[in-house]
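1. need a 3D model of the following:
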Amino acid sequence: MKPVHSWGGQIVTRLTWVRRVRAWTAAGASFLAAAGAAYADDASCTAVVSDAVGRCCVSENPDLWFRADYILWDVTGSDVPALVTSSPAGTPLAQAGTLGGPATTVLSGHETINDHWRSGFALSGGYVIDRCLGLSVVGDYFNAGRDSTGFTAGPNTGEIIARPFFNTQSGLPDRELVDVPSELAGNVRVSSYEDFQGAGAGLQACLWSCCDPCTGSGRQLLVVGGYRFYQHDSALNITENLQVLPGTTSPLVPGTTISIADRFGAENEFHGGELGLQGRIQRAEWWVDGMALLAVGGNRRSVTVDGSTVNAVPNVGTASYQGGLLTSSATNIGHYSDTEAAVIPRFRLGAGCQVTNYLGVHVGYNVIIWDDVAQAAEHLPPGLAVDPRNLPPIQAGGGPDPAFPGIQDSTIVAHGFDVGLDLTF
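-> Residues are numbered from 1 along each chain as shown. The predicted model follows:
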């Protein structure tokens, strides 16, 4: 259970976001109203059709519409420490591959991963259920696409390949050897991915509208409310395959094979309600539109830490263990979850053109901000601290490392472009 001051800080953060989004929404509404007033005296707005309460009730508006988009978005990634290193052949093995060691080079890690632009798609649509009230049922889905990375080193590179860590038993930087000329032939692979998608369904109602059915020009402000779903998943996997060579100077039996895996995964699912405004200003066949929405609900976060080691010794047999280099059944392996309150704002600004009576084209820019997201790479042991006594096969007297750091919070910002088609009927 989190301490009271932690919950208090979360409440203050949520209220701060609510105030910000209220201000942004009010600014957007003021802009749309000002834009409408700017040409309220224009002849295009003198022949409006309105209902009894002054809202526009135009028979030209479509009963059914559908939108399909190609989206190009960037989503915030994760910072990872150095995961794979190398040293020149001939480097003393006690120093080879250690961080801070002579001529040690970082081959993988010490960077931000899964923060590239990626391609995806979005679909949305709606159907009018009360024309004079401007009331419609609406729904949407988007998938920002998967951003994945991969790195492989070895075998037989002519260099010494290693995986660095901090040895809490000795109190010194250390490494696990992966590929050593004439001693050990091995490869290491680091792979990761990140997915982001969302969906919603609800009602849309007209708050204010002014239009000229003769020219097609007008302005409209809508309120949108309903259910909102977001999902963000990520994973980081490190695997090794090693074979002891006949020239080894270690106590390992030549021909022994060792397979090691460390796996970290995180899932986030948001379910909640969403409320906001949409506005549109049209001049003949051209239009600009905007959207400001706020979703409030709960974010279910799950983190899984797992690992394995398989040793096959000639003429002896095979032994399997739970745990790798950065994972141990004695410390951090397990499944962890919690639920956090979440406030997620979403914005869009776009423009488009009505090409025919039934077909339009549009382009836009989108922003989604999601706090307290768990990402896989944030759950490596802090400082890559490892007590070798906790690694397979586990020995007595090991400390708390490799430790689980608790579910870590990060803020992701998903933003980017959409371009697509509007079909109206």
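2. avg pLDDT for stretch 193-201?
-> For stretch 193-201, mean pLDDT rounds to 98.
3. how about that stretch: buried residues?
-> For stretch 193-201, a neighbour-count test (16 or more other C-beta atoms under 10 Å) marks 193-200 as buried. Placement of C-beta: from N, CA and C, glycine included.
4. could those residues go into JSON lines alongside distance to residue 114 and secondary structure?
-> Putting those into JSON lines (distance: C-beta to C-beta, whole Å; DSSP: H, G, I helix; E, B strand; the rest coil) gives the following:
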{"residue": "193", "distance to residue 114": "7", "secondary structure": "strand"}
{"residue": "194", "distance to residue 114": "4", "secondary structure": "strand"}
{"residue": "195", "distance to residue 114": "10", "secondary structure": "strand"}
{"residue": "196", "distance to residue 114": "10", "secondary structure": "strand"}
{"residue": "197", "distance to residue 114": "15", "secondary structure": "strand"}
{"residue": "198", "distance to residue 114": "18", "secondary structure": "strand"}
{"residue": "199", "distance to residue 114": "22", "secondary structure": "strand"}
{"residue": "200", "distance to residue 114": "25", "secondary structure": "strand"}
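5. just curious, which of the residues you listed is nearest to residue 274?
-> residue 200 (6.1 Å; C-beta to C-beta).
6. for that closest one, give me its contacts.
-> Residue 200 makes contact with 139-140, 226-229, 274, according to C-beta atoms under 8 Å, 6 or more residues apart in numbering.
7. and if you look at residue 401?
-> Here residue 401 is in contact with 168, 331, 381, 385-387, 390 (C-beta under 8 Å, 6+ apart).
8. run the last query once more with 10 Å
-> Applying C-beta atoms under 10 Å, 6 or more residues apart in numbering, we find residue 401 in contact with 165-169, 326, 328, 330-332, 381-390.
9. please apply the same query to residue 148.
-> 113-114, 116, 118, 191-195, 235.
10. among the contacts of residue 200, name the buried ones.
-> Using 16+ other C-beta under 10 Å, the buried members of these are 140, 226, 228-229, 274.
11. can I get those in TSV with pLDDT?
-> Output for the buried ones among the contacts of residue 200, formatted as TSV (pLDDT from 0 to 100):
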residue	pLDDT
140	98
226	98
228	99
229	99
274	99
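12. with secondary structure and distance to residue 286 added, can I get the residues you listed in TSV?
-> Below are the buried ones among the contacts of residue 200 laid out as TSV (DSSP: H, G, I helix; E, B strand; the rest coil; distance: C-beta to C-beta, whole Å):
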residue	secondary structure	distance to residue 286
140	strand	23
226	strand	29
228	strand	30
229	strand	33
274	strand	29
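13. can you put the residues you listed in TSV and add distance to residue 293?
-> TSV is the format used below for those (distance: C-beta to C-beta, whole Å):
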residue	distance to residue 293
140	11
226	10
228	8
229	13
274	5
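14. out of the residues you listed, who's nearest residue 158?
-> Distances from residue 158 to those, taken by C-beta to C-beta, are shortest for residue 229, at 50.9 Å.
15. is the closest residue in space to the closest one that isn't next to it in sequence bridged to anything, and to what?
-> In space, and not counting its chain neighbours, residue 229 is closest to residue 199: 4.8 Å by C-beta to C-beta, 6 or more residues apart in numbering. With DSSP bridges as the criterion, residue 199 is bridged to residue 141, residue 229.
16. doesn't residue 295 make contact with residue 199?
-> No - counting by C-beta atoms under 10 Å, residue 295 is not a contact partner of residue 199; they are 11.5 Å apart.
17. quick check: neighbours shared by these two?
-> Each of 227-230 lies in contact with both residue 199 and residue 295 under the rule C-beta under 10 Å, 6+ apart.
18. those into CSV, with extra columns for distance to residue 65?
-> Below are those laid out as CSV (distance: C-beta to C-beta, whole Å):
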residue, distance to residue 65
227, 20
228, 20
229, 22
230, 24
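19. what's the closest of those residues to residue 349?
-> Residue 349 lies nearest to residue 228 out of those, by C-beta to C-beta, at 19.6 Å.
20. tell me the contacts of that closest one?
-> By C-beta under 10 Å, 6+ apart, the contact set of residue 228 is 140, 198-202, 270-275, 293-297, 344, 346.
21. next one: residue 139
-> Counted by C-beta under 10 Å, 6+ apart, residue 139 has contacts 123-127, 199-202, 226-227.
22. repeat that with 7 Å
-> If you count contacts by C-beta atoms under 7 Å, 6 or more residues apart in numbering, residue 139 has them with 124-125, 200-201.
23. doesn't it fall inside a helix?
-> No - applying DSSP: H, G, I helix; E, B strand; the rest coil, one finds residue 139 to be strand, outside a helix.
24. make 757 the first number, not 1, from now on.
-> Okay, residue one is now 757; in that scheme the one you just asked about reads as residue 895.
25. check it and give its pLDDT.
-> pLDDT recorded at residue 895 is 98.
26. could you do residue 1006 as well?
-> 89.
27. tell me how far it lies from residue 1085.
-> Applying C-beta to C-beta, to the nearest Å, the value for residue 1006 to residue 1085 is 25 Å.
28. of these two, who's got more company?
-> residue 1085 (17 against 14; other C-beta atoms under 10 Å).
29. the residue nearest to the more buried one when sequence neighbours are not counted: which element?
-> Of all residues not flanking residue 1085 in the chain, residue 1078 sits nearest, at 4.3 Å (C-beta to C-beta, 6+ apart). Using DSSP states H and E, residue 1078 maps to strand 1073-1078.
30. next structured bit after that strand?
-> strand 1090-1110.
31. quickly run through the sheet partners of the helix or strand hosting residue 821, with directions.
-> Secondary structure assignment for residue 821, by DSSP H and E: strand 820-831. Applying DSSP bridges, strand 820-831 is found paired with strand 873-886 (antiparallel), strand 1166-1180 (antiparallel).
32. returning to that earlier point: for the residue nearest to residue 1085, what are its contacts?
-> Residues counted as contacts of residue 1078 (C-beta under 7 Å, 6+ apart) are 1063-1064, 1085, 1089.
33. could I get the residues you listed as JSON lines with distance to residue 911 and pLDDT?
-> JSON lines is the format used below for these (distance: C-beta to C-beta, whole Å; pLDDT from 0 to 100):
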{"residue": "1063", "distance to residue 911": "22", "pLDDT": "98"}
{"residue": "1064", "distance to residue 911": "20", "pLDDT": "98"}
{"residue": "1085", "distance to residue 911": "28", "pLDDT": "97"}
{"residue": "1089", "distance to residue 911": "28", "pLDDT": "98"}
